[in-house]
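1. Okay, sequence plus prediction incoming.
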Amino acid sequence: MGFMTETGPSPRERILQAALPMAAFEGWTDKMLRQSVKAAGLPNGAEALYFPEGALDLLAYWSDQLNSKTEESIAALDIENMKIRDRVTQGVVARLEAIHPFEEAAHRALSRLALPDTLLAGRLSGPGQLWAAADTIWRAIGDTSTDANYYSKRTILSGVIGTTLPVWINDDDPDKSKGREFLDARIANVMQFEKFKWQVKTKTKDWPSPASVLGSLRYGGPPKFKRRRRRG
């Protein structure tokens, strides 16, 4: 005789499902978290077990769930046959669309994350959540960078998501025409910056590295520059 296993949403998921409609009116507060625990049919005080860092912990959990949905949406795209600009755009759109139909809860989340007490909250902070969202998108669209580009790409895309989000959730148009137009402009800025970086890298590829220059100066030798041979 086998044992029956419990299926369905986990306690954390049940709390989040109860919280999202409430957050639109109550905001992301510890009081709202306690109410969500009760609405989810869990015992009093269960929030300390499932979300020990309070409402910000719950909010970060929602952000993680949105990232998972974003990965699923991107996986359904024909990424291999898309240009990098289209990959990034569709990735951001997937992250923004994952918020529906809880845009008012997202609006209240922006207000909560703007408070001073979140500045040192690490992964729970606004910047921490934006970084995770950007990292999710870059990985899902095939980015494998490990050098300085890894950080610059995620920093820049964090800014794109962060500036587009309030425009997107305040756009009442079902097609999000204003939000998409704003996003397109931000992506264009990113592509211009990437082009600039490539141009700089190309023009300076024969320059000596800073380490070699400092090393040669340390040991008394002049830095060596490569000379290009003239043709003809």
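-> All right, it came through fine.
2. By mean pLDDT, flag the weakest helix or strand of this structure.
-> helix 210-218 (a mean of 54; mean pLDDT, DSSP states H and E).
3. what ranges do the helices span in this protein?
-> Listed in chain order, the helices of the chain (DSSP state H) span 11-26, 30-39, 47-50, 55-75, 84-97, 103-113, 126-140, 148-169, 177-203, 210-218.
4. most centrally placed residue in the protein?
-> For the chain, the residue nearest the mean C-alpha position is residue 133 (1.8 Å; Cα atoms, centre = their mean).
5. just to revisit the earlier point, nearest to residue 119, of the helices of the chain?
-> helix 126-140 (8.7 Å; Cβ to Cβ). All C-beta spots, glycine's among them, are computed from the backbone N, C-alpha and C.
6. Excluding its own residues, what touches the closest one? List them.
-> 59-60, 63-64, 66-67, 70-71, 74-75, 88, 91-92, 94-95, 110, 113-114, 118, 121-123, 153-155, 157-162 (Cβ atoms under 8 Å, 6 or more residues apart in numbering).
7. Please apply the same query to stretch 73-88.
-> With Cβ under 8 Å, 6+ apart as the criterion, stretch 73-88 contacts 90-91, 94, 97-98, 137, 140-142, 157, 187, 190-191.
8. now stretch 112-119
-> 27-29, 55-56, 59, 124-126, 129.
9. Are any of these buried, and if so which?
-> 27-28, 55-56, 59, 124-126, 129 (16 or more other Cβ atoms under 10 Å).
10. hmm, back to that, relative to residue 67, how far out is the residue nearest to the centre of the chain?
-> 6 Å (Cβ to Cβ, to the nearest Å).
11. any shared contact partners between the two?
-> In contact with both residue 133 and residue 67: residue 95, using Cβ under 8 Å, 6+ apart.
12. Now residue 121, what are its backbone angles?
-> With angles defined as degrees, to the nearest 10, residue 121 sits at phi -90, psi 10.
13. got a list of what the nearest residue to it once chain neighbours are set aside touches?
-> Excluding the flanking residues, the one nearest residue 121 by Cβ to Cβ, 6 or more residues apart in numbering is residue 56, at 5.9 Å. Residues in contact with residue 56 (Cβ under 8 Å, 6+ apart) are 28, 112, 118, 121, 124.
14. Confidence-wise, which of the residues you listed comes last?
-> Least confident of these in the model: residue 121, at 87.
15. Look up how far residue 40 lies from the nearest residue to residue 62 once chain neighbours are set aside.
-> Nearest residue to residue 62, sequence neighbours excluded (Cβ to Cβ, 6+ apart): residue 16, at 5.8 Å. According to Cβ to Cβ, residue 16 stands 9 Å off from residue 40.
16. Measure how buried residue 95 is and give me the count.
-> For residue 95, the neighbour count with other Cβ atoms under 10 Å is 27.
17. Correction: the previous question concerned residue 69.
-> Using other Cβ under 10 Å: residue 69 sits among 15 other residues.
18. Leaving out chain neighbours, which residue sits closest to it?
-> Using Cβ to Cβ, 6+ apart, the closest residue to residue 69 is residue 98 (4.1 Å).
19. Please name the residues that touch the one you found.
-> 66, 69-70, 73.
20. buried subset of those?
-> 66, 70, 73.
21. Read off the pLDDT value for the second one.
-> If you check residue 70, the pLDDT there is 98.
22. what does residue 202 give?
-> 58.
23. From start to finish, how long is stretch 19-37 in a straight line?
-> 8 Å (Cα to Cα, to the nearest Å).
24. Point out where the chain drops to low pLDDT.
-> 1-6, 193-232 (pLDDT under 70).
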